[in-house]
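> prediction below, plus the sequence it came from.
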Amino acid sequence: MTAQDAIRQRAKELLESGEVATFIGWEAGRFHNQTTPLVITDAADADKLVFNEYCVNTLAKYARDVVARGKVGLVVRGCDSRAIVRMIIDQVIKREDVYLIGVACPGMKDRKTDELLKKCAECRHGNPVECDELIGEAGEWPIPEGRFAEVAEIEAMAQPERSRYFESVYAKCIRCYACRDVCPCCTCRECFVDQRRENWVGKQNNVAENRFYGLTRVMHIGDRCIECGECERVCPMDLPLMKLNRKVIQDLNNLFGEFESSLSIDDSVEPLIAYDLNDREEFM
Ligand code: SF4
Ligand code: SF4
Ligand code: SF4
């Protein structure tokens, strides 16, 4: 049985038995090399589910939107499962709110180039880190090198050049907030950019305010980023958002020791959340 057939069968069973109220996977898109997320509540729709190398969207964030209807079933690869772990640690959802069908990820393709997506080429965990059942077996997943290679390129620039670089990056941002909307760490009930209080952040689309938005977002996510690369993938202006995300992660690694966010619900290692009397505090 293919992974796609198994996903359809289990979605049907879970919905028919009432174990889940909603099931989230992917359906075929308009083109043969495209899929879109699919949210179903009727077991008869389970045959619409697909699983192929173009399932590019990470699904976890959709669970937040439908969890009020009851337990949510969803397909999880490495990135989806880490996003769910993140949302559980952040108390956005509870573990018992979701039923996770794990599947080993083959790595997904960019439909424009048919090459591996950038986020998948950089992915460190293709297998689910958390699931209730696993379809097939976990695959070998070699951890790619050069996690901070892009950061090194930026750090090698002289200061004026670096400023000009980021100015050119933020000049392109159109403040669509797609990066925020897709991010499993961006789950505040009211985002700071939506607050109406004056003088907090302006609504204008200019370099200074775009940069303020981008830098505030990356600092707010801090050590919680799961490096799923979804923010960068969905950016319609192709902003290199992972450079800044990884700069923060690299600095935290250097300050507090190597860590990766959201690999386990019970054994969270995020350094900004943990507190120890022996913490280094050179900045005091
Ligand atoms: S980021 Fe990793 S787990 Fe997610 S789709 Fe890409 S290769 Fe698969
Ligand atoms: S997705 Fe890209 S263009 Fe849209 S707000 Fe984020 S950085 Fe700006
Ligand atoms: S890579 Fe981007 S979308 Fe994914 S958790 Fe980090 S900031 Fe959020």
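In hand now; what should we look at? Numbers count the residues shown, from 1 in each chain. Ligands and ions are numbered 1, 2, ... in the order given.
> stretch 19-39 and ligand 1 in contact?
No - using CB under 6 Å from any ligand atom, stretch 19-39 stays clear of ligand 1, with a minimum separation of 11.0 Å. In short, each C-beta sits where N, CA and C put it, glycine included.
> contact partners of that stretch?
7, 11, 13-15, 40-41, 45-46, 48-52, 54-57, 59, 62-63, 66, 69-75, 99, 109, 111, 114 (CB atoms under 8 Å, 6 or more residues apart in numbering).
> give me the number of residues near Ser262?
Neighbour count for Ser262, taken as other CB atoms under 10 Å: 30.
> write the ChimeraX selection for whichever of the contacts of stretch 19-39 are buried.
Buried subset of the contacts of stretch 19-39, written as a ChimeraX selection, criterion 16 or more other CB atoms under 10 Å:
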select :7,11,14,15,40,45,46,49,50,51,52,54,55,56,57,59,62,63,66,71,72,73,74,75,99,109,111
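> among the contacts of stretch 19-39, which are in strands?
Counting by DSSP state E, the part of these found in strands is Ile40, Leu49, Val50, Val72, Gly73, Leu74, Val75, Tyr99.
> the helix or strand of the chain with the lowest mean pLDDT: what's the following helix or strand?
Counting by mean pLDDT, DSSP states H and E, the weakest-scoring helix or strand in the chain turns out to be helix 207-221, with a mean of 91. Once the chain leaves helix 207-221, the next helix or strand it forms, by DSSP states H and E, is helix 230-234.
> what residues does the next helix or strand along the chain from that following helix touch?
The element immediately downstream of helix 230-234 (helix or strand, assigned by DSSP H and E) is helix 241-256. Here helix 241-256 makes contact (CB under 8 Å, 6+ apart) with 119, 122, 147-148, 150-151, 154, 179, 214-215, 218-219, 221-223, 225, 227, 229, 231-232, 235, 259, 261, 271-272, 280.
> among these, which ones lie close to ligand 2?
Answer for the contacts of helix 241-256 near ligand 2 (CB under 6 Å from any ligand atom): Cys179, Cys235.
> quick one, which of the contacts of helix 241-256 are buried?
119, 122, 147-148, 150-151, 154, 179, 214, 218, 221-223, 225, 227, 229, 231-232, 235, 261, 271.
> check contacts around the residue of the stretch 151-284 of the chain found nearest ligand 1.
Nearest residue of the stretch 151-284 of the chain to ligand 1, counting by CB to the nearest ligand atom: Cys228, 5.7 Å away. Neighbour list for Cys228: Thr58, Cys79, Arg82, Ala83, Lys119, Pro184 [criterion: CB under 8 Å, 6+ apart].
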